[in-house]
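# Any chance you could fold what I've pasted below:
(one chain, ligands or ions: 2)
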Amino acid sequence: MTAGRFISLEGGEGVGKSTQARALADALARRGIECEVTREPGGSAGAEAIRGLLMAGAVDRWSPHAEALLFAAARSDHIDRLIHPAVEAGRWVICDRFLDSTRAYQGVAGGIDDGAILALHAFGSRGLLPDRTLVLTLPDEEAAARASARDGAANDRFGLRDENFHRAVNAAFRGFAEAEPDRFRLIDATGSKQDVTDRLVAAVADWLP
Ligand SMILES: Nc1ncnc2c1ncn2[C@@H]1O[C@H](COP(=O)(O)OP(=O)(O)O)[C@@H](O)[C@H]1O
Ligand SMILES: Cc1cn([C@H]2C[C@H](O)[C@@H](COP(=O)(O)OP(=O)(O)O)O2)c(=O)[nH]c1=O
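Numbering: from 1, shown residues only. Ligands and ions are numbered 1, 2, ... in the order given. Alright, predicted model coming up:
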């Protein structure tokens, strides 16, 4: 049995996280590695119910503080019910967004102190961090074009934020990667889907049998 691994995929809207979470799992499955693909907010029944509260409604439905608490509660349930048991059983978990999204959206872009977000995570989830965090990077305009081609006029509470908010989010992820090079890898998300998948596989190649 291979050792379980926990990988998070991060980045702003439209960079290709959801597409690549599945594509990376397929590529790893071809190498004999069993993966669980999941997402945040969500991934367990309780966390998906919280997702419904977070994603729908007016942009100002929740304050950044209330949002941070809801994300932390959803994450706690997701880890207990899905992530932790899967990794313990030797599977790899690929999670589309995780803690660093809270640090970027509610933290850097929303104004909440990073230490406070990490303290909530310590309380809710015993501080569990991914073994590796792969941040997909794309020029802001290209990410916006991909997201609007996908969503058209339909937007959730986060897609409705302005350009500056999304720029701050993208800059935040780059900042985290610079600060914690052991956990993070920046992955160029330009080019074809296959090109990006190849880069992601290369970023975990040291774990492959
Ligand atoms: N490499 C790529 N080149 C062009 N379009 C892509 C690429 N990867 C994903 N897309 C498309 O861009 C849109 C956003 O991708 P998605 O995976 O939903 O991004 P995210 O989960 O990061 O918001 C989707 O319509 C998807 O099919
Ligand atoms: C996990 C997480 C997501 N979010 C936001 C980012 C996204 O806009 C939204 C999730 O939307 P989703 O549609 O899953 O992602 P994407 O837009 O990347 O395809 O929730 C936070 O603000 N904080 C968090 O901790």
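# So which residue is dead centre in this structure?
The centroid of the chain falls nearest to residue 97 when counting by Cα atoms, centre = their mean (1.1 Å).
# Can you give me the neighbour number for residue 54?
The criterion is other Cβ atoms under 10 Å. On that basis, residue 54 has 20 neighbouring residues. Every residue, glycine included, has its C-beta placed from N, CA and C.
# so what's it up against?
When the contact criterion is Cβ atoms under 8 Å, 6 or more residues apart in numbering, the partners of residue 54 are 41, 62, 67, 70, 71, 74, 157.
# Which pLDDT value belongs to residue 156?
Residue 156 is assigned a pLDDT of 78 by the prediction.
# what do you get for residue 203?
With respect to pLDDT, residue 203 scores 98.
# which parts of the chain sit against ligand 1?
Of all the residues in the chain, those in contact range of ligand 1 (Cβ under 6 Å from any ligand atom) are 11, 13-19, 146-147, 149-150, 192-193, 196.
# What subset of the residues you listed is buried?
For those, a neighbour count by 16 or more other Cβ atoms under 10 Å gives the buried set as 11, 13, 14, 15, 16, 17, 19, 146, 147, 196.
# what's the spacing between the nearest residue to the fourth one once chain neighbours are set aside and residue 83?
Just to be clear, that refers to residue 15. Nearest non-adjacent residue to residue 15, counting by Cβ to Cβ, 6 or more residues apart in numbering: residue 136, 4.1 Å away. For residue 136, the distance to residue 83 equals 20 Å [Cβ to Cβ, to the nearest Å].
# Kindly report the same for residue 4.
Between residue 4 and residue 83 the computed distance is 10 Å (Cβ to Cβ).
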